[in-house]
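Novice: Just the structure for this:
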Amino acid sequence: METIYINHDNLADWQGKANACVMALGFFDGLHYGHREVIKTALRIAKEKDVSLAVMSFFPHPKSVLSNGEKQIDYLMPLSVKEKILWGLGVDTFYIVEFTRGFAALSPEQYVKDYLVNLGVIHAVAGFDFTYGSRGIGNLERLKNDSGGIIDVTKVEKVACRGEKISSTSIRERLVAGNVEELPDFLGCSYEVEGMWDGQFFKLNPYYTLPAPGRYTVTIKIGNFSKLTEVIVEEKSIKPVSELPLYIFGELSIVWHQRISEKAPSSRSILKVGGLTL
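Specialist: Numbers count the residues shown, from 1 in each chain. Sure, this is the predicted structure:
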């Protein structure tokens, strides 16, 4: 899979290199069941048409840009993890468009021309609520017309879990509430974050969302090893409840299974190592 970062300055170069493709459109944070249905649909159409499959996403988050940075966005995963998952889903080209106020101001017609038609898109696939162009006034009902009839369109209807729309927002809400045990029904797997363990502290990598404060059952994964254990989340820190094996050190990931308690245990029950409370 080829990952291409697009901005206003290099757009023309990539337009000149583009071949016919089916493109899935969206922000795709978390790559939950709804996102995967969009990509799976686009892949099926690409195979039918014997063209490549492209995915177009945007960065940073539109809400962050349009609020001039005043609105903090809790991302579910960094772009590097998104790339790995998309590769596994059969995507050939991953376009990451730099979202700026200038990009946001494009008319729907100009966006479709510059970022879809001129990038070789012959069929676009997106969720039912996807919008584009200035003030989000473009939608899938008008996309074919905005392309001058060049692009066919497939709308993927709402994917729900127990009647609730599966969305990045619904996943963030569960993380904020600490309900990590519900996330496999939305993501297709438990929520997983990456970071570093230096023997004393966990340091979370950027662009992940930490669950609400409390005590959790987790699996710590490092290389071919994994360990089921418990950790405590306090504000923006993660601490193990008990001493970790020596083989757990450096880059690792934490898989969140269940919140045991909303409150951290008393200081008497928290392990102390080298004078540091863990």
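
Novice: For residue 157, give me its contacts.
Specialist: Residue 157 is in contact with residue 128, counting by C-beta atoms under 8 Å, 6 or more residues apart in numbering. C-beta: built from backbone N, CA, C; applies to glycine.

Novice: neighbours of the closest residue to residue 98 other than its chain neighbours, just the number please.
Specialist: Nearest residue to residue 98 in three dimensions, chain neighbours excluded: residue 7, at 4.1 Å (C-beta to C-beta, 6 or more residues apart in numbering). As a burial measure, residue 7 scores 14 neighbours (other C-beta atoms under 10 Å).

Novice: for whatever helix or strand residue 175 lives in, packing partners?
Specialist: Using DSSP states H and E, residue 175 sits within helix 168-177. Applying 3 or more C-beta pairs under 8 Å, 6 or more residues apart in numbering; DSSP states H and E, one finds that helix 168-177 contacts helix 184-187.

Novice: returning to what we had before: quick one: mean pLDDT for the helix holding residue 175?
Specialist: Helix 168-177 shows a mean pLDDT of 95.

Novice: list the buried ones in that helix?
Specialist: 168, 170-172, 174-175 (16 or more other C-beta atoms under 10 Å).

Novice: Output that helix as PDB, nothing but the C-alphas.
Specialist: The C-alpha coordinates for helix 168-177 follow below in PDB (Å, rounded to 0.1, in the frame of the first residue of the first chain):
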ATOM      1  CA  SER A 168     -16.000   7.400  16.500                       C
ATOM      2  CA  THR A 169     -18.000   9.700  18.800                       C
ATOM      3  CA  SER A 170     -19.800   6.700  20.400                       C
ATOM      4  CA  ILE A 171     -16.500   5.000  21.000                       C
ATOM      5  CA  ARG A 172     -14.900   8.100  22.600                       C
ATOM      6  CA  GLU A 173     -18.000   8.500  24.800                       C
ATOM      7  CA  ARG A 174     -17.400   4.900  26.100                       C
ATOM      8  CA  LEU A 175     -13.800   5.600  26.800                       C
ATOM      9  CA  VAL A 176     -14.600   8.800  28.700                       C
ATOM     10  CA  ALA A 177     -17.100   6.800  30.700                       C
END
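
Novice: Quick check: of the buried residues of helix 168-177, which lies closest to residue 56?
Specialist: residue 168 (16.4 Å; C-beta to C-beta).

Novice: May I ask you to confirm that the closest one is in contact with residue 33?
Specialist: No: counting by C-beta atoms under 8 Å, residue 168 sits too far from residue 33 to count as a contact (11.5 Å).

Novice: got the contact list for the helix holding residue 175?
Specialist: By C-beta under 8 Å, 6+ apart, the list of residues contacting helix 168-177 reads 27, 29-30, 32, 74, 76, 164, 180, 182-183, 186-187, 191, 209-212.

Novice: Sort out for me which of those residues are in helices.
Specialist: When DSSP state H is applied, the contacts of helix 168-177 are split such that 186-187 fall in helices.

Novice: Next, the buried residues of stretch 204-221.
Specialist: 204, 207-211, 213-218, 220-221.

Novice: what are the ranges of the helices in the stretch 101-250 of the chain?
Specialist: 101-104, 108-115, 140-146, 168-177, 184-187 (DSSP state H, counting those that start in this stretch).

Novice: Compare these and report which one is nearest to residue 45.
Specialist: helix 140-146 (14.3 Å).

Novice: now the buried residues of stretch 204-221 as CSV including distance to residue 110 and pLDDT?
Specialist: Formatted as CSV, the buried residues of stretch 204-221 follow (distance: C-beta to C-beta, whole Å; pLDDT from 0 to 100):
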residue, distance to residue 110, pLDDT
204, 39, 93
207, 29, 95
208, 34, 95
209, 34, 94
210, 39, 94
211, 41, 96
213, 46, 95
214, 48, 96
215, 52, 96
216, 47, 97
217, 50, 97
218, 47, 97
220, 48, 96
221, 45, 95
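
Novice: would you turn these into JSON lines with distance to residue 80?
Specialist: JSON lines is the format used below for the buried residues of stretch 204-221 (distance: C-beta to C-beta, whole Å):
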{"residue": "204", "distance to residue 80": "14"}
{"residue": "207", "distance to residue 80": "9"}
{"residue": "208", "distance to residue 80": "11"}
{"residue": "209", "distance to residue 80": "16"}
{"residue": "210", "distance to residue 80": "18"}
{"residue": "211", "distance to residue 80": "21"}
{"residue": "213", "distance to residue 80": "27"}
{"residue": "214", "distance to residue 80": "28"}
{"residue": "215", "distance to residue 80": "29"}
{"residue": "216", "distance to residue 80": "24"}
{"residue": "217", "distance to residue 80": "27"}
{"residue": "218", "distance to residue 80": "21"}
{"residue": "220", "distance to residue 80": "20"}
{"residue": "221", "distance to residue 80": "16"}
